[in-house]
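> Next come a sequence and a model predicted from it.
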Number of protein chains: 2
Amino acid sequence: MQTSEARIDAAEAARTALVDSRRRQLLNAAARLLGRAGSQSVSMQNVADEAGVSVGLIYRYFGNKQELVQAVIEDVLHEFSVRVAEPVQDEADPVRRIAAAFAGYCSVVQELRDAAVLAYQESKTLEPEGRETVKDLEVESAEPLMAATREAIHAGLLRDVNPRLFAYDLLTTAHLWALKRWYFSRFMTHGEYVAQHTALSLSSVLRPEHRADYADLLGPLA
Amino acid sequence: MQTSEARIDAAEAARTALVDSRRRQLLNAAARLLGRAGSQSVSMQNVADEAGVSVGLIYRYFGNKQELVQAVIEDVLHEFSVRVAEPVQDEADPVRRIAAAFAGYCSVVQELRDAAVLAYQESKTLEPEGRETVKDLEVESAEPLMAATREAIHAGLLRDVNPRLFAYDLLTTAHLWALKRWYFSRFMTHGEYVAQHTALSLSSVLRPEHRADYADLLGPLA
DNA sequence: CAAGGGAGTGAATGAAGATTCATTCACTCT
DNA sequence: AGAGTGAATGAATCTTCATTCACTCCCTTG
C-alpha cells in the first residue's frame, strides 16, 4: 500500500520523465532540421511535423522559437563536454590525453554531423545573453584539452606554446570537418582527417627528444 | 567633334560606371549589416536605409534578397583572391610565400571583420547552386597557398604532407580569427595570432635541417 | 462512474517584411 | 523648349510564419 505522498512522488516522477522525453524528441527533431537548413527556413510547423506532434505542443516545452534553437545548441555543446571527459580519463600520459580528447571531439562531430556546428551558423540569430552562454559552454568544452596541454608542457614534453591557443585550435579543427566536409571528403575519410591532424598538431609542438615516444601518433611525420 | 557613335559609347560608359558604383554602394551597405546580424534579421528596408536609398532601388540591381546576399559573399571571396595574389608575387622562396599568403588572408580578415566569414553563416540560406559557386570561389582563393605548399614540398623544404590539407588548414586558420575573435582576443592581438600560427604551422611540417633558415618565422619555436 | 486536470491539437490571428508598380524626378537629345 | 528615357521613390499588396487559445481526449482520483 502506498502512502499518498509516495503516490504523488511517483506521479511527479512520471511527469518529469514524460517532460524529459518530449523535450528530447523535440530537440532531436529540431537539430535534424537545423542541420540541413538555417533556422530562418525551418518553421515551427516543420519542427512539429518532423517530431510528429502539433505546433501548439512545442510551446508547452519551449517558450518560443528562439529558446528552442538556443536549447538545441546548448544540448550539442553539452554533448561535447560529456563525451570528451570519458575517453580522457583513461590516459595517464598527457600527450596521449590530448590525442584522446581530440579524437573525442572528432567523434562527436562525426556523429552529430551538421548539428555539431550550429553555433557557428546560428549565433547571430540568438539573443546576446544566449550567445554569451553558448560561448561559455564552448570554452568549457575545451577544458579537458586545455588541462592536458598545460600538463604536457609542464612535463617538458611539448614546446612552450600558449595552451589556450593550442587547445582551441584543436577544438576548432575538430569542428572544421563539419564545416568543410564538402572539401576534405574529396580526398580523405574522416578517419584520415583525424589521424593526420593529430599528427600535424603534435608535430608542431612536440620536443624533438620525445618525438620517438609518439611515433604511432605522428605516423608518416615521425 | 564627336561622332554619334562616340557619344553613344560615352553615354554607355557613364551608365556602366553608375551601375557599378550603385552596386558597390549596396554591396557595402549590405555587408556592413550582414556582418552584425544574420540575413534573417536584416530587412531590405534596413539595407536601403544603410545605403541611403529606397527599397525599390535595390531591386533594380539585384533580383531579390537572396541574390543580394549571394553577391555580398562572392564579393568577399573575390577580395580574398585578389588581395592574396599580390604579396605572394614578391617572394621567391616557397616557404616564405606560404607565410606571405597566410598573412595576406589574415589581413583581409582583419579588414573585413565579420563580413569575411559570411560564407560560414549564410551558406545554408543560399540556393544550392549559389552554394556551389561559393565553394568554388573559396577553393580558388586557396590556390596560391596550395601552389606554394606543393613547391615547398617538392623542393624538399617541407615534410611530405597533403598540400590540399595543409593549405586549407591555413586558409581556415585565417578565417578563424573572425569566427573566434571573441575568444582569442582575450589573450592576444591579431598580430600575435598571425605570427604564432605562422610559426605553429611551419613548425609542424618544416624539415629539421631547414628550420634554422626560417628562424625568423618560427619565433620562439625555432 | 463523474469530475478534474493536464497533454495535445490545429485553425485563427497578427505582425513582419519581401516584392511590386504607379508615379515623380532629372537629365539628354533634338 | 518639349519629348523621351531611365533612375529613384515608397505606399500598397501579398505571403509567410510565430504565436495563441478554445477545444478534445485520456487518465487519475474520489
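Yep, it's here.

> do you know how far A:Gly156 is from DNA strand C?
As for A:Gly156, its distance to DNA strand C is 56 Å (criterion: Cβ to the nearest atom of the strand, to the nearest Å). The C-beta positions use only the backbone N, C-alpha and C, and glycine is treated the same way.

> Run a quick neighbour tally on A:Gly38.
Residue neighbour count, defined by other Cβ atoms under 10 Å in any protein chain shown, stands at 20 for A:Gly38.

> Does the host helix or strand of A:Gly130 reach chain B?
Using DSSP states H and E, A:Gly130 maps to helix A:128-141. Yes - on the criterion Cβ under 8 Å from any Cβ of the partner chain, helix A:128-141 is in touch with chain B at A:Lys135, A:Val139.

> show me the contacts for A:Ser39.
A:Lys65, A:Val69, A:Glu122, A:Thr125, B:Gln40 (Cβ atoms under 8 Å, 6 or more residues apart in numbering or on different chains).

> same thing but 6 Å
A:Val69, A:Glu122, A:Thr125 (Cβ atoms under 6 Å, 6 or more residues apart in numbering or on different chains).

> Looking at the residues you listed, spot the one nearest A:Thr189.
Proximity of those to A:Thr189 was ranked by Cβ to Cβ; the top entry is A:Glu122 with 28.0 Å.

> State the number of residues packed around that closest one.
Neighbours of A:Glu122 (other Cβ under 10 Å): 25.

> Low-confidence ranges, chain A, go.
A:1-15 (pLDDT under 70).

> need the contact list for the residue nearest the centre of it.
The residue lying closest to the centre of chain A (Cα atoms, centre = their mean) is A:Phe80, at 3.0 Å. By Cβ under 6 Å, 6+ apart, the residues touching A:Phe80 are A:Val108, A:Ser141.

> what do you get if the cut-off is 8 Å, keeping everything else the same?
Applying Cβ under 8 Å, 6+ apart, the residues near A:Phe80 are A:Tyr105, A:Val108, A:Ser141.

> tilt between the helix or strand that A:Thr173 is a member of and helix B:128-141?
Using DSSP H and E, A:Thr173 maps to helix A:163-184. For helix A:163-184 against helix B:128-141, the angle by axes from the mean of the first three to the mean of the last three Cα atoms, to 10 degrees is 120 degrees.

> Which positions within helix A:163-184 qualify as buried?
Neighbour-count burial for helix A:163-184 flags A:163-181, A:183-184 (criterion: 16 or more other Cβ atoms under 10 Å in any protein chain shown).

> now for that helix, which elements pack on it?
helix A:94-112, helix A:143-154, helix A:190-205, helix B:128-141, helix B:163-184, helix B:190-205 (3 or more Cβ pairs under 8 Å, 6 or more residues apart in numbering or on different chains; DSSP states H and E).

> can we see that at 7 Å?
helix A:94-112, helix A:143-154, helix A:190-205, helix B:163-184 (3 or more Cβ pairs under 7 Å, 6 or more residues apart in numbering or on different chains; DSSP states H and E).

> Go ahead and measure how far it is from the middle of the chain.
Centroid displacement of helix A:163-184 relative to its chain, using Cα atoms, centre = their mean, to the nearest Å, is 12 Å.

> With just CA atoms, put that helix into PDB.
Only the C-alpha atoms of helix A:163-184 are listed here, as PDB (Å, rounded to 0.1, in the frame of the first residue of the first chain):
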ATOM      1  CA  PRO A 163      47.900  26.300 -24.100                       C
ATOM      2  CA  ARG A 164      44.700  28.300 -24.700                       C
ATOM      3  CA  LEU A 165      45.700  28.900 -28.300                       C
ATOM      4  CA  PHE A 166      46.800  25.300 -29.000                       C
ATOM      5  CA  ALA A 167      43.800  23.700 -27.300                       C
ATOM      6  CA  TYR A 168      41.300  25.900 -29.100                       C
ATOM      7  CA  ASP A 169      43.000  25.300 -32.400                       C
ATOM      8  CA  LEU A 170      42.400  21.600 -31.900                       C
ATOM      9  CA  LEU A 171      38.800  22.000 -30.800                       C
ATOM     10  CA  THR A 172      38.100  24.100 -33.900                       C
ATOM     11  CA  THR A 173      40.000  21.600 -36.100                       C
ATOM     12  CA  ALA A 174      37.500  19.000 -34.900                       C
ATOM     13  CA  HIS A 175      34.700  21.400 -35.900                       C
ATOM     14  CA  LEU A 176      36.300  22.000 -39.200                       C
ATOM     15  CA  TRP A 177      35.400  18.600 -40.500                       C
ATOM     16  CA  ALA A 178      31.700  19.500 -40.100                       C
ATOM     17  CA  LEU A 179      32.200  22.900 -41.600                       C
ATOM     18  CA  LYS A 180      34.300  21.800 -44.600                       C
ATOM     19  CA  ARG A 181      33.500  18.200 -45.000                       C
ATOM     20  CA  TRP A 182      32.400  19.000 -48.600                       C
ATOM     21  CA  TYR A 183      36.000  19.800 -49.300                       C
ATOM     22  CA  PHE A 184      38.100  17.400 -47.200                       C
END
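
> Name the surrounding residues that touch that helix.
Around helix A:163-184, the neighbours that count as contacts under Cβ atoms under 7 Å, 6 or more residues apart in numbering or on different chains are A:102, A:105-106, A:109, A:113-114, A:116-117, A:120, A:142, A:145-146, A:149-150, A:153, A:190, A:193, A:197, A:201, A:205, B:120, B:135, B:139, B:168, B:172, B:176, B:180, B:183, B:187, B:196.
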